[in-house]
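Trainee: predicted model and sequence follow; I will ask about them next.
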Amino acid sequence: MLREIRPAIVLLVALTVITGLVYPLAMTRIAGVLFPSQAQGSLIEKDGKVIGSALIGQEFKDDRYFHGRLSATVAPDPNDSSKTVPAPYNAANSGGSNLGPTSKALADRLKEDVDKLKAENPGQPVPLDLVTTSGSGLDPHISPEAAQFQVPRVARARNMPEDLLRQIVAANTESRLLGLIGEPRVNVLALNLALDRAGK
Amino acid sequence: MTLIGWLQIILYCAIIVALTKPLGWYMTRVFNGERTFLSPVLRPVEAGLYWISGVDERREQHWLTYTVAMLLFHVGGFLIIYGVMRLQAVLPFNPAGQSAVAEDLSFNTAISFITNTNWQNYGGESTISYLVQMLGLTHQNFLSAATGIALAVALIRGFSRASMRTIGNFWVDVTRCTLYVLLPICIVYTLFLVWQGMPQTLGAYVEATTLEGAKQTIAVGPVASQVAIKMLGTNGGGFFNANAAHPFENPTALSNFVQMISIFALGAALTNVFGRMVGNQRQGWALLAVMGVLFLAGVAVTYWAEANGTSTLQALGLTGGNMEGKEVRFGIVASSLFAVITTAASCGAVNAMHDSFTALGGMIPLINMQLGEIIVGGVGAGLYGMLLFVVLAIFVAGLMVGRTPEYVGKKIEAREVKMAMLAILVLPLMYLGWTAVAVVFPPAVASMANAGPHGFTEVLYAYTSATGNNGSAFAGLTGNTFFYNLTLASAMFVGRFFMIVPAMAIAGSLASKKTHPPSAGTFPTTGGLFVGLVVGVILIIGGLTFFPALALGPIVEHLAMNAGQVF
């Protein structure tokens, strides 16, 4: 048995260096050359300043923008570091609501948000993804239905024709891969950037 | 449920079956010590590693030596992880300035990673440095996976050899698995993931000013290189807190699909390695068929439950299923499928929050883990877990016809059955025992995020996941407390090593036996009857063990939900 101690130390250290340092550092180097944009986090710049990542959702509250999904991410409470406070789309601390199917807190939250959206766009069915929180709290997408649902509000706020908005939504809708894998979706940040480009 | 949804599921299964044979062929060559197309590059590295560590690659080990070598290897792995977590504040690659991780959390995480569990009581981006992610976690993702595969191969050798005292050399198996199987796939896989949008950088977190003018700190890091082995090695510990739900850890529908394939690929291929090594590939296909039956049953239930939604959602007129805790790019079907895959294997990565699944949709992941993660299972661990159930099933069949049970030419006798029972019984002892303690211990109860039966399920899920070395969670439970850090670590430890040691004892015992050629009275273990028998034994043993606990959690919650009750 004693002869197993040397490999237990030497082989462990050697394999640790290979898999824990050489491999990730070499991959960082290679990926940085082959896919420089993705490797840095698919960052989007505007006028030389980083405005976000194409893959990370951000919070939109203004009526003039399409809104993303609800986010349940939190941040440490500035007054008491043992507690947390809600901080939607906190991209330094991802997470979901973790509320279960029989949670009263979830039922109350859903009812409140459904009522709010019904008031905004009466007569239309409320899209599911606009009232549920995402798993990461950073979901960059909404469903095409959720985008269409918001068109009347954005049109009013921007004084733009609804038809034009619906065209922009359609142009920013991604479909399933090979018609099979994934779900149809709209990247909210990309959509809002396209909106800003289209005019006031 | 939709047609497109089911087509995605069928396509997934077809790809796994198609990969099983070529991967099995390649892995068999690797573990038989034969040349592969990578040998010109890797053989010098391999020989160099043996030289510096004093390993004689032709010297094989007795099962006890093999097991001791494995345990020594893990002691070292534990010390490395614990050390870098405690010292991360003074070590390099820490642009976010993370401070030292607490003793109990470091202990829990170190146990978690050496046991291939990768339970996350830490929150990746908010707790640990890039150095810990790479040197602490990525390296152990490789080595715990390589260990699992090595052990499975050792057990297979027990079945395939006759009248021998040795079952292979642990150091050679681990080294060859890491160099020839895991690393080459991960290198290609990492580049694919970066292409899909996964960050791979040592740069600091990015400060962005959003379109509406708010500040957003975006966590990045060397993500792709870790995620590749996290999925391929069925480790599952996330770079980020939200794991594979995080857009950086799973950017697209395609990255998600490939991640699901990589969870099952090596585990499924090991059934083929088994078939090849015992000299009849149909023996391997029979095991894969047992896994396939149980898998599809689980997928059907979870997909149906999630597509159906909850009574709360239906009452508000919200159609389309249960999207709470799910991502739009994956939707209902890819989230349900992922949840079943990750718990059937002992991966534990999540692309949606299991805590927010419907009662029945979340029950299937729980059952998958309680069955011992034998449906494809963790790399290696799934196969040796499944072979333990096969030993029992063959024993039951032998009792029914009054013959000494035989499997692939080996007589299954008292010693093997005792060891198999020991391994199978120790799992429920851990997860039922600790759950019982936690639900009457007030500080542990305070960690529950949901009230009512769902809170109980959170605790049961945590201990089940830890014991099964899965690592997925009903994440509402606040696990980073002294009580949970220690008790979960004990469940992970017992769940891993008290299964491995009996499995290796069986390997040693079988290897020393003679192989009997099949006769007219031999029970054929490649047909439908065998598949049905093993499925039956798994469900009966599993059902009797954990049905009472499920009745207190997800089942009663489902009934309460249908009655419109909330807690």
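Mentor: Thanks, I have it.
Trainee: for chain A, give me its nearest residue in the stretch 201-350 of chain B.
Mentor: For the stretch 201-350 of chain B and chain A, the shortest gap (CB to the nearest CB) falls at B:Ala253, measuring 2.4 Å. From N, CA and C alone the C-beta is placed, and that goes for glycine too.
Trainee: okay, now the closest residue to that residue other than its chain neighbours: neighbour count?
Mentor: Spatial nearest neighbour of B:Ala253, excluding adjacent residues (CB to CB, 6 or more residues apart in numbering or on different chains): A:Gly182 at 2.4 Å. A:Gly182 has 23 neighbouring residues, counting by other CB atoms under 10 Å in any protein chain shown.
Trainee: in stretch B:92-106, what counts as buried?
Mentor: Across stretch B:92-106, burial judged by 16 or more other CB atoms under 10 Å in any protein chain shown covers B:93-94, B:96, B:98, B:101-102, B:104-106.
Trainee: give me the distance between the two termini of that stretch.
Mentor: Using CA to CA, to the nearest Å, the end-to-end distance of stretch B:92-106 comes to 18 Å.
Trainee: B:Leu151 versus the residue nearest to B:Ile52 when sequence neighbours are not counted, what's the distance?
Mentor: Excluding the flanking residues, the one nearest B:Ile52 by CB to CB, 6+ apart is A:Val10, at 5.7 Å. A:Val10 sits 21 Å away from B:Leu151, taking CB to CB, to the nearest Å as the criterion.
Trainee: so which of the two has more stuff around it?
Mentor: With neighbours defined as other CB under 10 Å, A:Val10 and B:Leu151 compare such that B:Leu151 has more, 27 against 18.
Trainee: what are the boundaries of the strands in the stretch 151-300 of chain B?
Mentor: B:206-209, B:215-218 (DSSP state E, counting those that start in this stretch).
Trainee: where does chain B have its least confident helix or strand?
Mentor: Least confident helix or strand of chain B, by mean pLDDT, DSSP states H and E, is helix B:124-127 with a mean of 76.
Trainee: hmm, the helix or strand just after that one touching chain A?
Mentor: As assigned by DSSP states H and E, the chain's next helix or strand after helix B:124-127 is helix B:130-131. No: figure legend: helix B:130-131 not in contact with chain A (CB under 8 Å from any CB of the partner chain); closest approach 8.6 Å.
Trainee: phi first, then psi, for whichever residue of the stretch 1-150 of chain B sits closest to chain A.
Mentor: Nearest residue of the stretch 1-150 of chain B to chain A, counting by CB to the nearest CB: B:His139, 3.1 Å away. The phi/psi pair for B:His139 (degrees, to the nearest 10) reads phi -60, psi -40.
Trainee: contact partners of the longest strand along chain A?
Mentor: Counting by DSSP state E, the longest strand found in chain A is strand A:80-86. Applying CB atoms under 8 Å, 6 or more residues apart in numbering or on different chains, the set of residues contacting strand A:80-86 from outside is A:72-78.
Trainee: quick check: next helix or strand after the helix or strand where A:Glu112 lies?
Mentor: Using DSSP H and E, A:Glu112 sits within helix A:104-120. Going down the chain from helix A:104-120, the next helix or strand is strand A:141-142, by DSSP H and E.
Trainee: touching that next one from outside, list them.
Mentor: Residues external to strand A:141-142 that are found in contact with it (CB under 8 Å, 6+ apart): A:57, A:66-69, A:127, A:129-130, A:185-188, B:327-329.
Trainee: strand partners of that strand, parallel vs antiparallel please.
Mentor: Here strand A:141-142 is paired, per DSSP bridges, with strand A:185-187 (antiparallel).
Trainee: so how far is the first residue of stretch B:115-132 from its last?
Mentor: 17 Å.
Trainee: flag every buried residue along it.
Mentor: Buried, per 16+ other CB under 10 Å, within stretch B:115-132: B:115-132.
Trainee: stretch B:12-28 now?
Mentor: Neighbour-count burial for stretch B:12-28, counted by 16+ other CB under 10 Å, picks out B:12, B:15-16, B:19-21, B:23-24, B:26-28.
Trainee: next step: these restricted to strands.
Mentor: Using DSSP E, none of the buried residues of stretch B:12-28 sit in strands.
Trainee: tell me the one among the residues you listed nearest to B:Ala214.
Mentor: Closest approach between the buried residues of stretch B:12-28 and B:Ala214, by CB to CB: B:Tyr12, at 39.1 Å.
Trainee: which residue packs closest to the closest one, ignoring adjacent ones?
Mentor: In space, and not counting its chain neighbours, B:Tyr12 is closest to B:Met260: 6.2 Å by CB to CB, 6+ apart.
Trainee: please apply the same query to B:Pro453.
Mentor: Closest residue to B:Pro453 apart from its sequence neighbours, by CB to CB, 6+ apart: B:Glu557 at 4.1 Å.
Trainee: check whether A:Glu45 sits in a helix, strand or coil.
Mentor: strand (DSSP: H, G, I helix; E, B strand; the rest coil).
Trainee: that one touches A:Ile51, doesn't it?
Mentor: Yes: A:Glu45 lies in contact with A:Ile51 (CB atoms under 8 Å); the separation is 6.8 Å.
Trainee: about what we covered before: who's in contact with the residue nearest to B:Tyr12?
Mentor: B:12, B:334, B:337-338, B:341.
Trainee: now, the residues you listed that are in strands?
Mentor: Using DSSP E, none of the contacts of B:Met260 sit in strands.
Trainee: between those residues, which is closest to A:Gln167?
Mentor: Relative to A:Gln167, and with distances defined as CB to CB, the nearest of the contacts of B:Met260 is B:Ala334, at 28.8 Å.
Trainee: how many residues are close by B:Met363?
Mentor: B:Met363, neighbours per other CB under 10 Å, totals 23.
Trainee: I meant B:Ile81, not that one.
Mentor: Using other CB under 10 Å, B:Ile81 is surrounded by 24 other residues.
Trainee: mind checking the SS state of it?
Mentor: Going by three-state DSSP: B:Ile81 is helix.
Trainee: let me see the backbone angles for A:Arg6.
Mentor: phi -60, psi -50.
Trainee: contacting residues around the residue in chain A that chain B sits nearest to?
Mentor: Distances between chain A and chain B by CB to the nearest CB are smallest at A:Gly182, namely 2.4 Å. Listed by CB under 8 Å, 6+ apart, the contact partners of A:Gly182 are A:176, B:252-254, B:256-257, B:329-331, B:334.
Trainee: quick check: phi and psi on it?
Mentor: phi 90, psi -170.
Trainee: likewise for B:Asn469?
Mentor: Backbone torsions of B:Asn469, given as degrees, to the nearest 10, read phi 60, psi 40.
Trainee: run a quick neighbour tally on A:Ser37.
Mentor: By other CB under 10 Å, 12 other residues sit near A:Ser37.
Trainee: what is the host helix or strand of it packed up against?
Mentor: Taking DSSP H and E as the definition, A:Ser37 sits inside helix A:36-40. Using 3 or more CB pairs under 8 Å, 6 or more residues apart in numbering or on different chains; DSSP states H and E as the contact definition, the elements that helix A:36-40 packs against are helix A:23-34, helix B:183-196.
Trainee: out of those helices, deepest packed?
Mentor: Per-stretch averages of neighbours, counted by mean count of other CB atoms under 10 Å in any protein chain shown, single out helix B:183-196 among the helices and strands packed on helix A:36-40, with a mean of 21.
Trainee: check the gap between the residue at minimal distance from the centre of chain B and B:Ile374 for me.
Mentor: Residue closest to the average C-alpha location in chain B (CA atoms, centre = their mean): B:Ser346, at 1.4 Å. Per CB to CB, B:Ser346 is found 10 Å from B:Ile374.
Trainee: do B:Ala265 as well
Mentor: Distance, B:Ala265 to B:Ile374, using CB to CB: 17 Å.
Trainee: neighbour count for those two, which is higher?
Mentor: B:Ile374 (30 against 23).
Trainee: so A:Pro101 touches B:Gln314, yeah?
Mentor: No: the pair A:Pro101 and B:Gln314 does not pass the contact test of CB under 8 Å, sitting 11.1 Å apart.
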